[in-house]
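Chemist: coords please:
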Amino acid sequence: MISTGSKPKPTNKSDSCPVCGDVKGKCRTFADKPLVLCMTADFASGWKEFGSTKDGLWTQFSPETGLPFDRHAWQQRQRQEMPVALPQTMSLEERDRFYRNWLANGLLNERDRADLQRRGVTDPSIIALSCDVGYAVPFKGLDGKYVGAQWRYAHPGEGGRYRWHNLPGGKQFPGTHEMPLAVYKVDQPTMLVVSQK
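Modeler: Residues are numbered from 1 along each chain as shown. Next up, the predicted model:
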């Protein structure tokens, strides 16, 4: 992991993420160094990847050339470049195995259990685990296998309360640039709701 030094600045409409283009504050840039913390991309043309941050929320990037970042030049390249190949993410079987092992070796503390119950989450099939910053809730896809997880931070700060868990190889659904969708089955459904944070 790279030492970040100065305080990271969330992306916005006037200062988008140079790696993925995010303007919603998910990613971080630094005023005094060519380092980018990207919450969406796991690789990018012209950028060198340095692994995830300790909390697994961001992938660390710096320009491959080692030169200071030139935003105007980057925007021109983005308009000219063809789409890059999709990242090599963990397969659905690997993801399911990863999350089952993760849950088997983790615990949910009383603070986080109470928070889930307060929020009306009582379904025993929804399993979560605690850590220092909050808790994570892995979720399953259409075929009943675990496909991803989201963190709920006890003290969210600038990054927001809910954040994607970054798997080895990336958090996107295999073969896409999209985040996975959670599928919860109910006995007598009355409507279909699709939600993506």
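
Chemist: show the contacting residues for the residue most central in space within the chain.
Modeler: By CA atoms, centre = their mean, the chain has its centre lying nearest to Trp164, at 3.3 Å. The neighbours of Trp164, taking CB atoms under 8 Å, 6 or more residues apart in numbering as the test, are Met39, Leu57, Gly148, Ala149, Gln150, Trp151, Lys171, Met179. All C-beta atoms are positioned from the backbone trio N, CA, C, and that covers glycine.

Chemist: for it, grab phi and psi.
Modeler: phi -70, psi 140 (degrees, to the nearest 10).

Chemist: among the helices and strands of the protein, which one scores worst on average pLDDT?
Modeler: Least confident helix or strand, the chain: helix 71-80 with a mean of 61, by mean pLDDT, DSSP states H and E.

Chemist: by contact count, what packs against the following helix or strand past that one?
Modeler: Next helix or strand after helix 71-80 toward the C-terminus (DSSP states H and E): helix 92-104. Contact here means 3 or more CB pairs under 8 Å, 6 or more residues apart in numbering; DSSP states H and E; on that basis helix 92-104 packs against strand 134-140, strand 146-153.

Chemist: tell me which of those sits nearest to Gly51.
Modeler: Across the helices and strands packed on helix 92-104, the minimum distance to Gly51, taken as CB to CB, is reached by strand 146-153, at 18.1 Å.

Chemist: buried ones in that closest one?
Modeler: Neighbour-count burial for strand 146-153, with 16 or more other CB atoms under 10 Å as criterion, is recorded at Tyr146, Val147, Gly148, Ala149, Gln150, Trp151, Arg152, Tyr153.

Chemist: what's the angle between it and helix 92-104?
Modeler: Angle between the axes of strand 146-153 and helix 92-104 is 40 degrees (criterion: axes from the mean of the first three to the mean of the last three CA atoms, to 10 degrees).

Chemist: so where is the protein shaky, pLDDT-wise?
Modeler: The model of the chain has pLDDT under 70 over residues 1-6, 66-88, 125, 157-159, 192-197.

Chemist: just want the phi and psi numbers for the nearest residue to Gly46 once chain neighbours are set aside.
Modeler: Leaving aside its chain neighbours, Gly46 sits nearest to Glu64 (5.6 Å; criterion: CB to CB, 6 or more residues apart in numbering). When quoted as degrees, to the nearest 10, the phi and psi of Glu64 stand at phi -60, psi -30.

Chemist: and Glu64, how many neighbours?
Modeler: 12 (other CB atoms under 10 Å).

Chemist: Val23: what's it in contact with?
Modeler: Val23 neighbours (CB under 8 Å, 6+ apart): Thr11, Asn12, Lys13, Ser16, Cys17.

Chemist: those into a markdown table, with extra columns for secondary structure, neighbour count and distance to Val23?
Modeler: Putting the contacts of Val23 into a markdown table (DSSP: H, G, I helix; E, B strand; the rest coil; neighbours: other CB atoms under 10 Å; distance: CB to CB, whole Å) gives the following:
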| residue | secondary structure | neighbour count | distance to Val23 |
| --- | --- | --- | --- |
| Thr11 | coil | 25 | 6 |
| Asn12 | strand | 12 | 6 |
| Lys13 | coil | 8 | 5 |
| Ser16 | coil | 19 | 5 |
| Cys17 | coil | 25 | 8 |
